[in-house]
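**Q** coords below, sequence missing:
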């Protein structure tokens, strides 16, 4: 049996009921979207039509009544014996094909009494068609589709129009092409999950010249400035209950007349509570909802000038779009120094340091005596980012300082200053000048008028502050600032959020909370990649977390990906090769691990970077490998070299030196040289206290206990008690044999070399 088109099924139903002098049972199979049409049609024939949701209510109707019964499976037993109760009544049973099938199986006696079966045509609910048509007539920038069968609703609401499907999650150029206007074409856009995708759709539509005729398919978020539509009917029983609880008489009938539209049901309940009569509810609700969905026409827009376009896209971290616009700005005018500088800065932010360096040099060569100060500023800013990207942090810091001075003279907006100050602090940190970075951070705070109270609303300042505190060894303060920054960015899409996650993940890794770090950074990598932002630093922390969880093979893949994505970045290579080498060592691939570190050292020498912070990191990995291989003499010599280099770079009073001091001293203990180790450990303890690093404090105290025990010094017992207290403070415990030795010494056992606790070696991060 096929469905009848348009209104023919209703006309046939009218004929059946008009011929039923002694009552009749008619089964209509259809979805909830057809119920309203059915009830309105029958009311035109029988104004006192009853609409019921519970079968026993049929027994209370007067003989000769006409009723629509919403079929429920729990009523089948009652219906099976109900033929006498419905004798002489005209009853239209309404339900889906599935419910009708179960009725024939579970209430077959009653089913045999059904005289006629009709099938209502498929199609969208009337309210969905009406809402989509009204929204289209308002000519907004886009319509939000909140669920249901869009294709069927679109075909019914806008006949003759063509609906094309595309997604916001694709390269920006392809999105622009997909939104290019076509004759009578609309575009349904999926994948709008956050502001990032919505902003891209708007930019692409404006760039393509499309005015409206866009449907955002089930986007996440609230869109108060755009009309919306959907084709999701409310459940009949739920709708009836909502109206009944508001005191509406004949609630099932009212629910049907409102087409089971969720918004209409909710508004009818509100009106009923204010005293509006049942007879007026339908017209009042329909009128209010129709008026509420009309929105003034609005276009998507992009900044008209190329400089503003590139600045906006870069500021929001959409580097793919920034690259497209900077290229489009530069291509027609290859001698334009400002356009070339803009593209150079984008390339640097993308991690493409070689291209950025070449473009920055080209931009400088394009400067002339007639170049204005704004062009000179852009070229200087591009050179600064290029220097930072190619691991020339001292030069970058000088350039950023000059750029800040020039930006003040030009009166540039606050966001530009935030970018320059943050980048300058980063450059100073990469150059190992922690105190200078701290001073630069405070200078930024004073210039921008950022108070302690207003800092919580400035995520870029908080992110930079967290990194500075982290470099100073102030883990708790850094964690607090990073969390504040993430809170300020809640429900926002900004590249600062990537950096904050990177910072927090690094601190979680340092604290040994690898599972927390892995989950956080894995999600952040997905988001960054989806938004086509560089994810190299996030990937690095992901690799660290995987290694900490013992998933060394997975960590190896991640670290090798980082190296492949930044093949010319010697800073990344020095850091990542160290971590990769330790993963290989954990998997028993010692020779591969050491070869990797030796190659990194050789690359540094060839690049003339034989005495900087990068070499220290790689040299440290070499020392760990030698120590783990049992070659403590070589390990000690390397760690001494690491310590001397860091003292030269950071100064002898830098709290971060507590770690290399402790590691060097631990290696000396392996060589049975406690007399040399003790002064190093006491100095490490002093620095660890300054840096507020409880983790280092516990490690250094444990090593000092061992050294004093080896020397048979009586204060070993007191040092052991301090070590136990430090471990308790950080909420962790050393390895069981170390813990047992500390407890024994703290309890007053005579010190002996055999009872000295051997703290496990820790990898620097």
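**A** Okay, I see it. Nothing here was measured: the structure is a model prediction, and the numbers come from that model.

**Q** quick one: name whatever helix or strand follows the helix or strand of the chain with the lowest mean pLDDT.
**A** The least trusted helix or strand in the chain, going by mean pLDDT, DSSP states H and E, turns out to be helix 278-292, with a mean of 67. Next along the chain after helix 278-292, taking DSSP states H and E as the criterion, comes helix 306-315.

**Q** residues in contact with that next one?
**A** Contacts with helix 306-315, where a contact means C-beta atoms under 8 Å, 6 or more residues apart in numbering, come from 203, 302-303, 319, 321-322, 325-326, 328-329, 338-339, 342, 345-346, 349, 415-416, 419. Every C-beta, even on glycine, is put in place using the N, C-alpha and C of the backbone.

**Q** now, which of those lie within helices?
**A** 203, 319, 321-322, 325-326, 328-329, 338-339, 342, 345-346, 349, 415-416, 419 (DSSP state H).

**Q** what number of residues lie near residue 630?
**A** Neighbour count of residue 630, defined by other C-beta atoms under 10 Å: 10.

**Q** and what of residue 676?
**A** Using other C-beta under 10 Å, residue 676 is surrounded by 14 other residues.

**Q** before we move on, what about the one 10 residues further on?
**A** Residues lying near residue 686 (other C-beta under 10 Å) number 15.

**Q** so how far is residue 166 from it?
**A** Remark: distance between residue 686 and residue 166 (C-beta to C-beta, to the nearest Å) = 63 Å.

**Q** same check, this time on residue 239
**A** 35 Å.

**Q** more neighbours, those two?
**A** Per other C-beta under 10 Å, whichever of residue 239 and residue 166 has more neighbours is residue 239, with 28 against 20.

**Q** and that one, that's in a strand?
**A** No - secondary structure of residue 239 (DSSP: H, G, I helix; E, B strand; the rest coil): helix, not part of a strand.

**Q** that one contacts residue 257, correct?
**A** No - contact status for residue 239 versus residue 257: not in contact, 10.9 Å apart, counting by C-beta atoms under 8 Å.

**Q** residues making contact with whichever helix or strand residue 381 is part of?
**A** For residue 381, the host element (DSSP H and E) is helix 373-389. Residues from elsewhere that reach helix 373-389 (C-beta under 8 Å, 6+ apart): 337-338, 340-342, 344-345, 348-349, 351-353, 356-357, 359-360, 363-364, 367, 393, 395-396, 399-400, 402-403, 406-407, 409-410, 412, 420, 423, 426-427, 430, 569.

**Q** please repeat the previous calculation with a cut-off of 6 Å.
**A** By C-beta atoms under 6 Å, 6 or more residues apart in numbering, the residues outside helix 373-389 that reach it are 337-338, 341, 344-345, 348, 353, 356-357, 360, 363-364, 395-396, 399-400, 402-403, 406, 410, 427.

**Q** so which bits of that helix are buried?
**A** Within helix 373-389, the residues scored as buried using 16 or more other C-beta atoms under 10 Å are 375-389.

**Q** select only the buried ones of the contacts of helix 306-315 in PyMOL?
**A** Those of the contacts of helix 306-315 that count as buried under 16+ other C-beta under 10 Å are selected in PyMOL with:
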select buried, resi 203+302+319+321+322+325+326+329+338+339+342+345+346+349+416+419
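
**Q** how about the strands of the stretch 151-300 of the chain, start to end?
**A** Remark: strands assigned in the stretch 151-300 of the chain by DSSP state E, counting those that start in this stretch are 162-167, 185-190, 214-217, 228-229.

**Q** immediately after the host helix or strand of residue 9, which helix or strand?
**A** Here residue 9 sits within helix 8-18, counting by DSSP H and E. Sequence order places strand 24-29 as the next helix or strand after helix 8-18, per DSSP H and E.

**Q** how far away from the center of its chain is that following strand?
**A** Distance of strand 24-29 from the chain centroid (C-alpha atoms, centre = their mean, to the nearest Å) equals 52 Å.

**Q** for it, which strands pair with it and how are they oriented?
**A** Paired neighbours of strand 24-29 in the sheet (DSSP bridges): strand 90-95 (parallel), strand 116-119 (parallel).

**Q** of those strands, flag the one that's most buried.
**A** strand 90-95 (a mean of 24; mean count of other C-beta atoms under 10 Å).

**Q** let me see the domain layout of the protein.
**A** Structural domains annotated on the chain: 8-119, 126-229, 236-292, 306-490, 668-765, as defined by automatic domain parsing.

**Q** ok, which of these comes nearest residue 512?
**A** Among the domains of the chain, domain 668-765 comes nearest to residue 512, with 7.0 Å by C-beta to C-beta.

**Q** so for the closest one, mean pLDDT?
**A** Domain 668-765 shows a mean pLDDT of 78.

**Q** neighbours around the nearest residue to residue 663 once chain neighbours are set aside, how many?
**A** Nearest residue to residue 663, sequence neighbours excluded (C-beta to C-beta, 6 or more residues apart in numbering): residue 639, at 5.7 Å. Neighbours of residue 639 under the rule other C-beta under 10 Å: 26.
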